[in-house]
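Chemist: heads up, no residue letters with this:
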């Protein structure tokens, strides 16, 4: 994995970001023992400010320029995820039905989301429970999903 341009501490672990020019290429959930990387420029400081604003207000949507990526299908899924309001959840199956797809395909696109928090994939859950998160079915990533949903009062 390439090094992150910035890594910050969060209530659930570490969050990293990579960017180039004025656009973010990815936001990454990192294990709690990941070393911090202080912001070295204006864009890194902007990332920290925007994420901290979200932690202060779960209804705040971080204002970050995102580099385009993903397949056409992934982008449709990510647009569907971005439309889920803070404090609400949708099931993989419901989102799949809306997109005329399968729940497993939606789950894969959720797991490949390069912009968590900004594209709030944590708001997509299984019909009968939490579901997975970032291709994980247990551990610190599920703890992060629980924290985010509690923060938004969706659980």
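Modeler: Received, thanks. Please read all numbers here as calculations on a predicted model, not as lab measurements.
Chemist: would you mark the buried spots in stretch 96-115?
Modeler: Buried positions in stretch 96-115, judged by neighbour count with 16 or more other CB atoms under 10 Å: 96, 99, 101, 103, 106, 107, 109, 110, 112, 113, 114, 115. From N, CA and C alone the C-beta is placed, and that goes for glycine too.
Chemist: helix, strand, or coil at the most centrally placed residue in the chain?
Modeler: For the chain, the residue lying nearest the average C-alpha position, counting by CA atoms, centre = their mean, turns out to be residue 116 (1.3 Å). Under DSSP: H, G, I helix; E, B strand; the rest coil, residue 116 falls in the coil class.
Chemist: next up, phi/psi of it, please.
Modeler: Dihedral angles phi and psi of residue 116 (degrees, to the nearest 10) take the values phi -60, psi 160.
Chemist: with residue 68 instead?
Modeler: Note on residue 68: backbone dihedrals following degrees, to the nearest 10 are phi -60, psi 140.
Chemist: what's the following helix or strand after the host helix or strand of residue 52?
Modeler: Using DSSP states H and E, residue 52 falls within helix 42-56. Reading on from helix 42-56 to the C-terminus, the next helix or strand found by DSSP H and E is helix 72-82.
Chemist: residues touching that following helix, excluding its own?
Modeler: The set of residues that contact helix 72-82 without belonging to it, under CB atoms under 8 Å, 6 or more residues apart in numbering, is 70, 90, 95, 98-99, 101, 105-106, 109-110, 112-113, 115, 118-121, 123-124.
Chemist: from those, which land in strands?
Modeler: Per DSSP state E, strands hold the following members of the contacts of helix 72-82: 90, 124.
Chemist: please name the nearest non-neighbouring residue to the residue nearest to the centre of the chain.
Modeler: Sequence neighbours aside, residue 27 is the residue nearest to residue 116 in space, at 5.5 Å (criterion: CB to CB, 6 or more residues apart in numbering).
Chemist: can I assume that neighbour sits in a helix?
Modeler: No - the assignment for residue 27 (three-state DSSP) gives strand, which keeps it out of a helix.
Chemist: in contact with it, which residues?
Modeler: So, once contact is read as CB under 8 Å, 6+ apart, residue 27 ends up touching 15, 16, 17, 114, 115, 116, 117, 118.
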